[in-house]
Each structure stands twice: as structure tokens, then as C-alpha cells.
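Enquirer: Following is a predicted model, sequence given first.
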Amino acid sequence: MTDIKDSQYFIDAIKKEMSHQRFIHTLGVVEMAKELALIHGVDLSRVEIAALLHDISKETSKEELRKIVFEHFPDEITLEDLDSSEIMHGFAGAAVAKTKYKIDDEEILEAIKYHTIGKAGLSLLGRIIYISDAIEKNRNYPGLEEIRKCVRENLDCGIILEISHIIEHLNECQKYVHPNTKDMYKWLVSINKKDVNF
Ligand SMILES: [Fe+2]
Ligand SMILES: [Fe+2]
């Protein structure tokens, strides 16, 4: 079990490993994730550790990310994934959290691994990290306030709204939408049918 008393240890560690801007973003994710954890009844210490470590590999080179991902998730990564640091840094972050920071809480590791692309069936803790990364206080994009409001009232409906914004944006730019993100969207719609108005 992860030592839940050690959040200051992780704060000190990540501060040394990332740029000031990334550190500020990370603290924003911690703040948002803890607020959502309180609202939705998730353990604050575990959410804090996942949020602190979620971008631990964000500034790692693409070459190094490929090495880590190949070593730890050889059967889970596609050719498209291997071309994207944005996708790989979650997978690599989970591996680094496990090996370097000795995190053995599978939900924390899963939350780090899928914080960018999501996953159908992602735990409540994982969903909180996923959405907190997208809506923390330092983010700024059209429609963000509506998503923040929605997430506080109904976490899944807020995530559905956020994913629909992403898909719309990526389609407009003719960019690739990761299958995991589409799958999480469909899964959330299916389990929240009565609350979703489309
Ligand atoms: Fe990230
Ligand atoms: Fe992030």
C-alpha cells in the first residue's frame, strides 16, 4: 500500500523534475482533484498522490518515452501511440510512479496511465484525475466554465461534455481522436443515460 503520509515528499520530488510552469499546472490539478474528491467521496490522499505524479513524464524525450513504454506496456501500445508524446507520457508516468516512486496502488497507477486519453471503465479516482487535468484553474479555453460547473454537479456528465468538446475540436483540426477517448465517451453515456440530454 502506498504510504499516504508522503505527499510533501512527492511535492519536493516533482518540483525538482519539472519546469516551473508544469509544477504550477500540477498544483492546479491537485487543487481541482481534491475539490472533486471531496464532492464525490474519494480518498483525498490517494487523489493527491495521483494528481502530483500525473505529469511526472511529461517533459521526458520522445525517445526515452518509447523506451519506457516498450519495456512496460509492449502489448498495449499502438504505432499511432508511439508517435505521440502526449499519449505516451501517461503510460510512462505510470511506469515511473511504480518503479521510481514505489507506488503500488493500482488505481493511482491507472489514473496516471490514462489521464490523457481516458479509458472505458476508468475508476472514479481515474475520472477525477482525467477531468482535473483538463479543467484546473490555469487552463483557459472556450466552454471551460460550463464544463467546470457541470463536473461539480455531475462528474460523468461534465466529462461527457469535455470529451464532446475535444472530439469537435480535433475533428475541426482534422486530428486523430484516440479510440480510448471515444470508448470512454460511449461508456459514460451508456451508464448515465438518464442524466444525459442529447
Ligand atoms: Fe499530462
Ligand atoms: Fe497535466
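Expert: The structure has been received and is ready for your questions. Numbering: from 1, shown residues only. Ligands and ions are numbered 1, 2, ... in the order given.

Enquirer: Please enumerate the helices of the chain.
Expert: Here the chain has its helices, by DSSP state H, at 7-17, 20-40, 44-53, 62-72, 85-99, 106-113, 124-135, 144-153, 155-172, 179-191.

Enquirer: Let me have those helices in TSV, extended by mean neighbour count, mean pLDDT and distance to residue 78.
Expert: No exception for glycine: its C-beta is placed from N, CA and C like everyone else's. Converted to TSV, the helices of the chain look like this (neighbours: other CB atoms under 10 Å; pLDDT from 0 to 100; distance: least, CB to CB, whole Å):
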stretch	mean neighbour count	mean pLDDT	distance to residue 78
helix 7-17	14	92	27
helix 20-40	18	97	26
helix 44-53	24	97	24
helix 62-72	16	97	11
helix 85-99	22	97	9
helix 106-113	23	98	15
helix 124-135	24	98	20
helix 144-153	16	95	28
helix 155-172	17	93	17
helix 179-191	17	96	9
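
Enquirer: for the ones you listed, which one sits closest to ligand 2?
Expert: helix 124-135 (4.3 Å; CB to the ion).

Enquirer: May I have the residues that are in contact with residue 85?
Expert: Residue 85 makes contact with 60, 62, 65, according to CB atoms under 8 Å, 6 or more residues apart in numbering.

Enquirer: Fine by me, we can end here.
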